[in-house]
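Colleague: Sequence first, then the predicted structure:
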Amino acid sequence: GSMQVIRRELLARYKAKATGSDLELPPLAVQYGDYAAWQRQKLESELDTHLDYWTRHLDGVSEHQGLCHDHARGATRLDAVNLGSEAFPASLREGLKRVGNAAGASLFMVCLTAFKILLARCTGQDDVVVGMPVDGRSRRELEPMVGMFVNTLALRSDLSGDPTFSDLLGTVRTHVLEALDHQELPFEKLVDALGLSRSADAVPLIRSLFSVIAEASGNASDEGNDGFEELPGVAAGPAKFDLTVMLVEQGDGLLAEVQYDPNLFERATIERLMQRYRSLLEAIVDRPSARISALPLLS
């Protein structure tokens, strides 16, 4: 993303300044305005195709997805709270990858399916929508550019009928691949097409965001000890989503990073939710063919 580009170029400039050497960064092949014009032209030619897919996929979905809130949604806006990182062991990551490999699914698809089961079990709702962020840098020329490319996709799943985890994973895999084929429709245009109401305190339709971030590639010696660090105590601003869960592949394990809206949740509620999520992942590794109602949420 843009922060990686800024970090990489800032580090290169710092090293050049420190050593007294010249730095010639390669010129950008295109500017952001070029991308905006290309996106507008492409969307105009493919708008009907994308809208047709998303309106069919989300037909009849409830605009008000529940997440077991502790408090009713109100007008007061507080800054988002980061729960803190929790490390999942290497054995769990490898087990989840084995489950995915057997079904031709990625680690993200496996963990997303488990997250949807968690939400369904905790809320009693079978119709579950989870947001998936996509980078949007679909062309090589955009990789070194700073700019807004991110889009959010609304992934809907029907968990009724108590399917097995393996069967549900197959359905989620199909939906993820279809969504990626139609990722270029801006979420804002989808909201307008569906006639969803907008408010200042919540994103329409999507209450939770889920992602798995692959371990950074490249030369660790170049960037591993670059002196950059995130300053503690910097306000994250009001939460964009009620709940955001990001799993980061780090070393051999997974690092779970969670952000939530303190207007809606008590910290203990989110801690319990993540404990249940880990128990669910462990059960999936042991019994991927079990029906989702039989997968335990407690260790």
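Modeller: Happy to help now that I have it. Numbers count the residues shown, from 1 in each chain.
Colleague: When you work out contacts or count neighbours from here on, use the C-alpha atoms and nothing else.
Modeller: Will do.
Colleague: May I see the buried residues of stretch 43-52?
Modeller: For stretch 43-52, the neighbour count (16 or more other Cα atoms under 10 Å) marks 43, 47, 50-51 as buried.
Colleague: Check the separation of the first and last residues in stretch 178-186.
Modeller: Using Cα to Cα, to the nearest Å, one end of stretch 178-186 lies 15 Å from the other.
Colleague: Do a quick rundown of the helices in the stretch 1-150 of the chain.
Modeller: Along the stretch 1-150 of the chain, counting by DSSP state H, counting those that start in this stretch, helices occupy 2-19, 32-57, 90-103, 107-123.
Colleague: which of these sits most buried?
Modeller: For the helices of the stretch 1-150 of the chain, the largest average neighbour count (mean count of other Cα atoms under 10 Å) is found in helix 107-123, namely a mean of 21.
Colleague: counting contacts, what elements does it pack onto?
Modeller: helix 90-103, strand 127-134, helix 165-181, strand 208-213, helix 267-286 (3 or more Cα pairs under 8 Å, 6 or more residues apart in numbering; DSSP states H and E).
Colleague: any chance of these in JSON lines, plus mean pLDDT and distance to residue 60?
Modeller: JSON lines is the format used below for these (pLDDT from 0 to 100; distance: least, Cα to Cα, whole Å):
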{"stretch": "helix 90-103", "mean pLDDT": "97", "distance to residue 60": "29"}
{"stretch": "strand 127-134", "mean pLDDT": "95", "distance to residue 60": "10"}
{"stretch": "helix 165-181", "mean pLDDT": "97", "distance to residue 60": "17"}
{"stretch": "strand 208-213", "mean pLDDT": "95", "distance to residue 60": "19"}
{"stretch": "helix 267-286", "mean pLDDT": "96", "distance to residue 60": "28"}
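Colleague: Nearest to residue 245 among these would be which one?
Modeller: The closest of these to residue 245 is strand 208-213. By Cα to Cα, the value is 5.0 Å.
Colleague: thought residue 198 was touching residue 204?
Modeller: Yes: using Cα atoms under 8 Å, residue 198 makes contact with residue 204 at a distance of 6.1 Å.
Colleague: Of the two, which one has the most company?
Modeller: Comparing residue 198 with residue 204 by other Cα atoms under 10 Å, the one with more neighbours is residue 204, at 18 against 12.
Colleague: how far away is the more buried one from residue 159?
Modeller: Counting by Cα to Cα - residue 204 and residue 159 are separated by 22 Å.
Colleague: confidence score at the closest residue to residue 182 other than its chain neighbours?
Modeller: Using Cα to Cα, 6 or more residues apart in numbering and skipping residues adjacent in sequence, the residue nearest residue 182 is residue 50, 5.5 Å away. Residue 50 is assigned a predicted lDDT (pLDDT) of 95.
Colleague: Does residue 29 touch residue 140 like I think?
Modeller: No: using Cα under 8 Å, residue 29 is not in contact with residue 140, being 9.7 Å away.
Colleague: Phi and psi next, for the nearest residue to residue 47 once chain neighbours are set aside.
Modeller: The shortest distance from residue 47 to any non-neighbouring residue, by Cα to Cα, 6+ apart, is to residue 185 (7.2 Å). The phi/psi pair for residue 185 (degrees, to the nearest 10) reads phi -80, psi 120.
Colleague: same thing with the one 10 residues further on?
Modeller: Residue 195 has phi and psi values of phi 70, psi 30 when expressed as degrees, to the nearest 10.
Colleague: repeat for residue 25
Modeller: Torsion angles, degrees, to the nearest 10, at residue 25: phi -80, psi 140.
Colleague: Could you do the one 4 residues further on as well?
Modeller: Residue 29 has phi and psi values of phi -70, psi -30 when expressed as degrees, to the nearest 10.
Colleague: and it, what does it touch?
Modeller: Shown in contact with residue 29 (Cα atoms under 8 Å, 6 or more residues apart in numbering): residue 141.
Colleague: Show the pLDDT at it.
Modeller: 75.
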